[in-house]
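J.: model the following, please.
(one chain, ligands or ions: 1)
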Amino acid sequence: MNLFKLFGVIDVRFADILDIFLVSIVAYYVFLLFRGTRAVQMFVGGGLLLIGWILAQWWDLHTVVWLLSNLATLGIIAIVILFQPEIRGALTRIGQSVGKMNLKNLFFHQSGLELIAEEIGAAVQDLAKNQFGALIVLENRVGLRNYADTGELLNARISSRLLRALFFPNSALHDGAVILNSHSIVAAGCILPLPAITSEQDSGYGMRHRAAKALAAECDAMVIVVSEETGYISIAYRASLRRKLSVKEVEEEIKRHWHDLFEGDSSKK
Ligand SMILES: Nc1ncnc2c1ncn2[C@@H]1O[C@H](COP(=O)(O)OP(=O)(O)OP(=O)(O)O)[C@@H](O)[C@H]1O
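T.: Numbers count the residues shown, from 1 in each chain. Predicted coordinates:
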C-alpha cells in the first residue's frame, strides 16, 4: 500500500517507513553498546568507506566499487578479529542485562550521577554486609582540600571495587575517611575534625560517627558512615545523623546531594 510519493517520484509504503525505523533503532543501539570503546573509530572508518562506495557507484567508478566491495567482505572478518574484546564485552552486557531483566540499563543510558551513586551504593552495601567500618565524605561546594591533605591523595575514578579495597580491614588506608568529589576519589586515610562532645546524644556515638557529624555540621558535605559494630549505614548532613538507612536510600541521597553539581556541569557543555 503506497502512502505518498517522495519528491513526486518515489513511492513510499508503510513497510518502507517501518523498515527505516527499525534499522535506525538497531544502528543506534549498536552504537550505544560500543560507545566509548576503540570500536567507535571503526564505525567512523566504516561510515567513510560507505560514503566512498556510494559516491563511486554514483559516478560509475567500476574499479573503485569493485575494490570497496571486496574490502567490505575482508573488512568484516578483520573487524571480528581486531575487535574481539569489544564484541565480547557488548555481547556480555546484553546477556547480563537480559539475565537480570534489566533492559533499562541496556537501552537507556544512565546518567553519570546515577552510575556514580550506584558505584558508591554497591561499595556501601558490601562494606555493611561484611561489617567493615567506613567513613565516606561527599564534598559539595565547600572545598575540603585541608582534610584531603591529611591523608593520601588519590584522584582516582570512583569505583565500588576501589572503595571496598580502601576500607578493607588492615589495608594501609582503611583508617580515617575517604573524601570524594562528584567525579573522583580525592583522598583516603584522612583525619576529620576531632569533635568535642556537645550533647547527651553524642556521648552514645563512637569516634567515627562523631567525626562524621562534626564535619557535616561545619560545611555542606554529606558523610556516609558504615558501622563496624553493627553494619548499619548512616548519613550525616548539616546537623542531622540519620541511621539504619537502606542502600537505596543512600543512593537517592547521593543523587540529591550532587544533583546541582551535575546539572551545572551538563549546562556548561
Ligand atoms: N577524626 C577522625 N577522622 C577520621 N576517621 C576517624 C576519626 N575518628 C575516628 N575515625 C575512624 O573511626 C575508627 C574508630 O571508630 P569508633 O569505633 O570509635 O567509632 P564508632 O562511631 O563507634 O564506629 P563503629 O560503629 O564503626 O565502631 C577509627 O579506626 C578511624 O578509622
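J.: do you know the pLDDT at the spatially closest residue to Leu82 that is not a sequence neighbour?
T.: Nearest non-adjacent residue to Leu82, counting by Cβ to Cβ, 6 or more residues apart in numbering: Met42, 7.8 Å away. All C-beta spots, glycine's among them, are computed from the backbone N, C-alpha and C. Listed pLDDT for Met42 reads 74.
J.: before we move on, what SS does Met42 have?
T.: At Met42, secondary structure determined by DSSP: H, G, I helix; E, B strand; the rest coil is helix.
J.: and it, how far is that from Ile81?
T.: Per Cβ to Cβ, to the nearest Å, Met42 is found 12 Å from Ile81.
J.: comparing these two, which residue is more hemmed in?
T.: Counted by other Cβ atoms under 10 Å, Met42 and Ile81 do not tie: Met42 has more neighbours, with 17 against 7.
J.: the more buried one against Ile79, yeah?
T.: Yes: with contact defined as Cβ atoms under 8 Å, Met42 counts as touching Ile79 (6.3 Å).
J.: what parts of the stretch 151-269 of the chain come near the ligand?
T.: Contacts of the stretch 151-269 of the chain with the ligand, taken as Cβ under 6 Å from any ligand atom, map to 175-177, 191-192, 194, 205-209, 211, 227-229.
J.: in PyMOL, select just the buried ones from those residues.
T.: In PyMOL, the members of those classed as buried (16 or more other Cβ atoms under 10 Å) are selected with the following command:
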select buried, resi 175+176+177+192+205+208+209+211+227+228
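J.: so which pair among the residues of the stretch 151-269 of the chain next to the ligand is furthest apart in space?
T.: Ile191 and Glu229 (20.8 Å; Cβ to Cβ).
J.: all helices for the chain, in order.
T.: Assigned by DSSP state H, the helices in the chain fall at 14-34, 39-58, 62-82, 84-99, 103-107, 112-129, 145-148, 160-166, 207-218, 247-268.
J.: great, nothing more from me.
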